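> Have a look at this fold, sequence not included:
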């Protein structure tokens, strides 16, 4: 049996260099040291340090040791490698698919030499940054597009980098948030693919340099907080190990439970006391509306309405509803006709946020963001820094946050958050202080009225709308959907933003009325097909009314995907539709972000199964909010709960244009039905779950 040391040696022999997409990739005469950007982004406000230079390295059974020269002299550092590299898996299948990049943090830094080193450690050869720079120049020459003013986006761990040749034909690499505004993204690749393209070049490079050793450590020249100044290389298997320099602690107040409670209390006081002063009409109206809705639902609860006990019929094989007649019916429901525009679906955080960040980085006049949550995690902070930079460059940046949604979200850390990351105490303060970003917070009178809309409008020409907030889980973890919109519908969304912005300002209700009196600007290009904006606002339940009418009119199929399906009236309508022979299918997530919602969804799933509705469980958290009814789609920010249908501010986009319906099936429903597991037996339920379900209807 091999010793642990021998096993370690076997694994570390497998390490092959992977590419480090860092701004320091260029030689010093191309990019000044002070302009270097650290690979995973920077979270601490501190000057960029002088690049570290490796002196010697040793690798033991579980620990690694590395000394380096800094501007202050020699430093001895190291850490535990075994917690970051799956030794057992690599031993079992050393030829398995690459799963990196692997990043080892330098866990300590000391002036005195190590008191003890492991017996017979692995001792790699040390190579300076000039070797690293020559190598990656060779690699990027083979993968970057040749067309002028273009580049590629590469995913490195949890960061996106834009790689390109500048106007003097020198290679550069920047965080995507720092992409030059006049460059286009030609391709997006992940690090695994990037590594695959680089592998054939490594042995050739080392051989040409006359380096015979199989194990080396490169100094990369990367510098600053969260930089990756060293790379360990072995020439046998596709595995890269990078060494990270940990950042200094954040300067300024950081988030804590106490600060979150203080912000919540202050916001609620402003929502009620200040809100009654500046928004007396809307505040009182919301209270009366919520009270009336709760009373009606309590006296006449829809979940007590009995459905017919007849056998569940077979699925209809006839045509669906008449879509022309349906669009006319929608004109009556909403009191207006459709707008026009184009839709491109952006599925999941990688696809959306690359486009979102690129659009902000190329904006020339304005960026207007309206979101329920602007988190204070590491990813949201990078977006915030981009907004601050663009505002300082003269772009008009307006950010409208839901106050309570953002404050509550910033108090909960995602499990994937980088260790030791220190979040800013206040998102609003972080965005505003020392910058030209304009931030307003929507108030939350009576604790039940939130602005749940998620839209971004760029230069009045392009809009994004859908279900994604700004935060780590939306970028990296959850399944979700956004739309990129162009055409006259962007003017409509722009008008909605301006009204919400005015209402959140000092003048409140008066500002809202004045904004409504202004003429709506027509800035967007006149292109596209019929699209319709649907709203939920206090006293106006267009999204609910339109989708309920669609259920009642459907003759062939109804497919729904939503994470929060707690509205009993809609469940009742779906059950009635199935008993008419309509093919009704619902996708729910296996994992939700609210425990009570999970229980409520389980009860909803049981009720749907009882009435012949097919229920599919998505493996993980799906935050998608989309439905299609006989060729009419409705998607956006609205959940299928009472808050989204009756109380919150919500915005959905709807259309029956066949191209957009077909594309939604192709991008969302077809693959998600395939990924999901169909539920054939009801979930076990307890009496307490029914109590939680009633509460969830009104609170979550």
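Sure thing, it's come through. Because the structure is predicted, anything quoted here is derived from the model rather than measured. Numbering: from 1, shown residues only.
> Check which element follows the helix or strand of the chain with the lowest mean pLDDT along the chain.
None of the helices or strands of the chain scores lower by mean pLDDT, DSSP states H and E than helix 4-12, at a mean of 32. Later in the chain than helix 4-12, the nearest helix or strand by DSSP states H and E is strand 53-59.
> What residues sit buried inside that following strand?
53-54, 57-59 (16 or more other C-beta atoms under 10 Å). To be clear about C-beta, it is placed using only N, CA and C from the backbone, and glycine gets the same treatment.
> what do you get for stretch 580-587?
581-587.
> Next, format the buried residues of strand 53-59 as a markdown table and append pLDDT and distance to residue 119.
Converted to a markdown table, the buried residues of strand 53-59 look like this (pLDDT from 0 to 100; distance: C-beta to C-beta, whole Å):
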| residue | pLDDT | distance to residue 119 |
| --- | --- | --- |
| 53 | 95 | 27 |
| 54 | 96 | 22 |
| 57 | 96 | 16 |
| 58 | 96 | 11 |
| 59 | 92 | 12 |
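> Show the end-to-end separation of stretch 476-485, please.
One end of stretch 476-485 to the other measures 23 Å (C-alpha to C-alpha, to the nearest Å).
> per-residue pLDDT, residue 340?
Note for residue 340: predicted pLDDT of 97.
> Report the contact partners of it.
487-489, 526-531 (C-beta atoms under 8 Å, 6 or more residues apart in numbering).
> in the sheet, who's paired with it?
residue 530 (DSSP bridges).
> what about the stretch 501-650 of the chain, any weak spots by pLDDT?
Along the stretch 501-650 of the chain, segments meeting pLDDT under 70 span 593-597.
> mind listing the helices for it?
In the stretch 501-650 of the chain, the helices defined using DSSP state H, counting those that start in this stretch lie at 509-517, 542-553, 568-578, 595-610, 642.
> Can you list the strands that whichever helix or strand comes after the last one pairs with?
This means helix 642. Downstream of helix 642, the first helix or strand assigned by DSSP H and E is strand 650-655. With DSSP bridges as the test, strand 650-655 is paired with strand 529-537 (antiparallel), strand 632-636 (antiparallel).
> Could I get the buried residue list for strand 650-655?
Quick answer for strand 650-655 (16+ other C-beta under 10 Å): 650-655.
> Can you give the contact residues for it?
By C-beta under 8 Å, 6+ apart, strand 650-655 touches 330, 338, 343, 452-455, 465, 483, 485, 489, 493, 496, 529-536, 543, 546, 625, 632-638, 644, 661.
> That one to helix 542-553, inter-axis angle?
40 degrees (axes from the mean of the first three to the mean of the last three C-alpha atoms, to 10 degrees).
> ok, and what's touching the helix or strand that comes right after strand 650-655?
Toward the C-terminus, strand 650-655 is succeeded by helix 658-664 as the next helix or strand (DSSP H and E). For helix 658-664, contacts defined as C-beta under 8 Å, 6+ apart pick out 343, 345, 529, 626, 628, 631-633, 635, 655.
> 10 Å - rerun?
323, 342-345, 481, 483, 528-531, 559, 626-628, 630-633, 635, 653-655, 657, 669-670 (C-beta atoms under 10 Å, 6 or more residues apart in numbering).
> what helices or strands is the helix or strand that that helix is followed by leaning on?
Downstream of helix 658-664, the first helix or strand assigned by DSSP H and E is helix 670-675. When contacts are defined as 3 or more C-beta pairs under 10 Å, 6 or more residues apart in numbering; DSSP states H and E, helix 670-675 packs onto strand 557-561, strand 583-589, strand 614-618.
> Looking at the buried residues of strand 650-655, which is nearest residue 173?
Among the buried residues of strand 650-655, residue 653 lies closest to residue 173 (C-beta to C-beta), at 36.3 Å.
> where do the strands sit along the stretch 151-300 of the chain?
Under the criterion DSSP state E, counting those that start in this stretch, the stretch 151-300 of the chain carries strands at the ranges 159-165, 171-175, 184-190, 215-219, 230-234, 241-244.
> So which of those is nearest residue 73?
Distance to residue 73, taken as C-beta to C-beta, is lowest for strand 215-219 among the strands of the stretch 151-300 of the chain, at 16.2 Å.
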